[in-house]
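> Structure for this input, please:
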Amino acid sequence: MRGRYWTEVGAIAALLLSGIVVSQICGSSIAVLDGFHTMFLLLNTVYTSLSHQWPSSGLHYSSIRAQPVGVFLSYLVLLTLNTIYLNESCTAVIEPAAAQRPLLLVAAGAVSLTLKMLLVVLHWPRSQSRRGEPPPEPHIEVNHRAEETAQAEQGAVLNNNTECKGSLDNPTLIIINTEALVEARTQHQTNGTRGQHSNGETPPKDETPPEIKGAPHSLSSCLLHICETLLTPILVLVYGLFTLSFNSKCHNSKLCPLLIYLDPMLSLLAAVLLISKSIPQVFRYGQILLLGTPCHLSVAEIGKKIADVQGVKTLHELHVWKLAEGFIVASVHVQCCTSLQNRCPDVVLEVTKVLQGVGVTCSTVQPEPLGVEYKLNPKTGQRERVQDVPIPVYYPPQSQDGLWSGEGWISGYRYANNDKMSNRLKKTWKPQLFKRELYSEILDHKFTITVTARTLNLIDAAFGFDFYILKTPKEDLNSKLGMDLKRAMLLRLARKDLYPQDSVKREKVYNKYKQFEIPEEEAEWVGLSLEEAVEKQRQLEHKEPEPLFKACVDKLVEELHIQKLLEPHLTEKN
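So this is what the prediction gives:
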């Protein structure tokens, strides 16, 4: 089959070269556009031929992404060439010129039409068979090493039909329905497909035609695609026949002055049609290359359906994207309810069915434990270690002097040269730190603070530095500096001593943040460390009482001062 594809590549390349030569000899614009379309077919055929040379064992990202990349580049080249040549076609309408050697144009159009019709006929049965195929049925792929470990620990007996229920108790299991490959590279399998895939076998590749690849599987769409494929050679042939038939009668016909406008008008029509065909495809496959969510799917709705599955406690990290045409991928992390930990495999299978029901071809459902280090085996009652525990994070002392938003250092190992057979090397992953100047409205001061990218994003999400400090709880701030700033802001709000020189701004800022106001006695304790809180309490308990006579004297002095200010003061005029 590979030889047939390369034969097609050679034939289309020869047609492209001959079309370029004929368009230059005859001076025909429509022949140039037919060459553009031939180049489009050549690019499609080349990437299809190359894609069938990749290994066929398992799912390969390169082979899956070849289809959207190839189609996107083909349509992008076609769109670019036609857009550039559209200006030439408009110029030719204003200053038309008669084509030369119409007989050569007729021959070139006939050859191009014959070859393209031959390609359509060769690929039509395969496209029809794919159109009638039932949708592929996803299946489950299991980590067999984890499966063997689970069997040894729990004594589970697995077979081809129930292998998931025993191995899903092991946290290294990943649920993936990988039977459905890319639409352009797979065939639907007969009975026994699921068993073959579970044992590591993959279905044979489907040979997709170059110009019909990715086309919709409806008869009307296929017919429309055929008309688009044969459009330019038909226009070349029609123009050549018109020119050839009217050349002998040109001196007696009134249509001769109008005949020179036929070529630019046909080329303008073809360019507009090819551009209108290319633009939607460029946007469509561009979204696929950007891993965008399919337009007909709603991530929020899928999340609601998964949340409604009995046994799902929480879910997060739900992502749905299109990897190739007809190949939708999804991944989600789910946590099973505490009472249904023993039935977590069944819950995961139900989630997989939900994803399959919305059209997802390949899905990864990652069950998460409850965050404990040990759990009891439901069969033996023995305590077993949970492998998937939270990663320990180390917060260095300098994190307390900045705002890291909970980020810290993670210590681990990496393989030398990214080779799993080589030695492990110790490695510490650290967050990227920035020095930023942040302004506080409440404190009316600019602070130069060490922050992370996550801190800046959270400040933007909170609509300001002060809102971020006041809204974020202590556990998320995880910073002594942050808590000191929060205490200072709360004290300012409690004492209402903002902007003593500007009463208007003081009132404006106070009204903006008054939702966070708490009593001063309570604000004084916010953010204190254990040592600071103990020292503050000690000072309060050992504070010497103020003598009564001193309080009376101070009160009397204040009253006399006020009375003196209220007395009229006489001044003499000079």
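> For the rest of this, base every contact and every neighbour count on C-alpha atoms.
Will do.
> quick one: buried residues of the longest helix along the chain?
Ranked by residue count and defined by DSSP state H, the top helix of the chain is helix 61-94. For helix 61-94, the neighbour count (16 or more other Cα atoms under 10 Å) marks 63-79, 81-82, 85-86, 89, 92-93 as buried.
> List the contacts of stretch 296-316.
Applying Cα atoms under 8 Å, 6 or more residues apart in numbering, the set of residues contacting stretch 296-316 from outside is 318-320, 332-337, 340, 344, 347, 350-351, 354-355, 358.
> end to end, how far does it reach?
End-to-end distance of stretch 296-316 (Cα to Cα, to the nearest Å): 21 Å.
> And for stretch 426-443?
Stretch 426-443 has its terminal residues 44 Å apart, counting by Cα to Cα.
> going on from the helix or strand harbouring residue 476, what's the next piece of helix or strand?
Using DSSP states H and E, residue 476 sits within helix 474-477. Toward the C-terminus, helix 474-477 is succeeded by helix 480-495 as the next helix or strand (DSSP H and E).
> Report all helices and strands that that following helix contacts.
helix 465-471, helix 520-523 (3 or more Cα pairs under 8 Å, 6 or more residues apart in numbering; DSSP states H and E).
> can you pull the buried residues of it?
Across helix 480-495, burial judged by 16+ other Cα under 10 Å covers 480-494.
> follow-up on the earlier one: of the helices and strands packed on helix 480-495, flag the one that's most buried.
Mean neighbour count (mean count of other Cα atoms under 10 Å) peaks for helix 465-471 among these, with a mean of 19.
> Mean confidence (pLDDT) on that helix, please.
Across helix 465-471, the average pLDDT comes to 95.
> contact partners of that helix?
In contact with helix 465-471 (Cα under 8 Å, 6+ apart) are residues 438-442, 458-459, 462, 477, 482-483, 485-486, 516.
> burial count for residue 106?
Neighbourhood size, residue 106 [other Cα atoms under 10 Å]: 22.
> avg pLDDT for the helix or strand hosting it?
For residue 106, the host element (DSSP H and E) is helix 102-131. What helix 102-131 shows for mean pLDDT is 68.
> Please apply the same query to stretch 68-77.
If you average the pLDDT values across stretch 68-77, you get 83.
> Pull the residues that contact that stretch.
Contacts of stretch 68-77 (Cα under 8 Å, 6+ apart): 40-41, 43-44, 47, 278-279, 281-282, 285-286, 288-289, 324-325.
> Only the buried subset of the residues you listed, as a ChimeraX command please.
The buried residues among the contacts of stretch 68-77 can be selected in ChimeraX (16+ other Cα under 10 Å) with this line:
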select :40,41,43,44,47,278,281,282,285,286,288,289,324,325
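> Relative to residue 376, which of the contacts of stretch 68-77 is nearest.
The closest of these to residue 376 turns out to be residue 324 (Cα to Cα; 43.0 Å).
> follow-up on the earlier one: narrow the contacts of stretch 296-316 to those that are buried.
The neighbour count (16+ other Cα under 10 Å) marks 318-320, 332-337, 344, 347, 350-351, 354-355 as buried among these.
> Go through these and name the one nearest residue 28.
When those are compared against residue 28 (criterion: Cα to Cα), the nearest one is residue 320, at 48.2 Å.
> does the closest one really touch residue 327, like I thought?
No: Residue 320 is beyond contact range of residue 327, at 10.9 Å (criterion: Cα atoms under 8 Å).
> Flag the shaky bits of the stretch 151-300 of the chain, pLDDT-wise.
For the stretch 151-300 of the chain, the stretches flagged by pLDDT under 70 are 151-222, 224-225, 242, 244-261.
> ok, which stretches of the stretch 201-350 of the chain are helices?
Assigned by DSSP state H, counting those that start in this stretch, the helices in the stretch 201-350 of the chain fall at 219-247, 256-259, 262-289, 299-307, 344-357.
> of these, which approaches residue 537 most closely?
Per Cα to Cα, nearest to residue 537 of the helices of the stretch 201-350 of the chain: helix 299-307, 48.6 Å.
> In contact with residue 122, which residues are there?
Neighbours of residue 122 in contact, by Cα under 8 Å, 6+ apart: none.
> all numbers from here: first residue = 30
Renumbered: residue one is now 30, and that last one reads residue 151.
> returning to that earlier point: among the buried ones among the contacts of stretch 325-345, which two are most distant?
349 and 366 (24.0 Å).
> related to what we said a few turns ago, got the helices and strands packed on helix 509-524 as a markdown table, with distance to residue 335 columns?
Putting those into a markdown table (distance: least, Cα to Cα, whole Å) gives the following:
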| stretch | distance to residue 335 |
| --- | --- |
| helix 494-500 | 31 |
| helix 549-552 | 43 |
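> So residue 323 sits against residue 351, correct?
Yes: using Cα under 8 Å, residue 323 makes contact with residue 351 at a distance of 6.3 Å.
> Pull the contacting residues for the spatially closest residue to residue 136 that is not a sequence neighbour.
Using Cα to Cα, 6 or more residues apart in numbering and skipping the chain neighbours, the partner closest in space to residue 136 is residue 266 (7.8 Å). Residue 266 sits next to 134-139 when contact means Cα under 8 Å, 6+ apart.
> Tell me the spacing between residue 499 and residue 547.
Taking Cα to Cα, one finds residue 499 at 12 Å from residue 547.
> thinking again about what came up before, filter the contacts of residue 266 down to the buried ones, PyMOL style.
Remark: buried members of the contacts of residue 266, expressed as a PyMOL selection using 16+ other Cα under 10 Å:
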select buried, resi 134+135+136+137+138+139
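> and of the contacts of residue 266, the nearest to residue 564?
Looking across the contacts of residue 266 and measuring by Cα to Cα, the closest to residue 564 is residue 138, at 96.1 Å.
> Please name the nearest non-neighbouring residue to the closest one.
residue 266 (4.5 Å).
> Over to residue 94?
With Cα to Cα, 6+ apart, the residue lying closest to residue 94 is residue 353, at 6.1 Å.
> if I pick the one you found, what's in contact with it?
Residues near residue 353 by Cα under 8 Å, 6+ apart: 93-94, 96-97, 211, 317.
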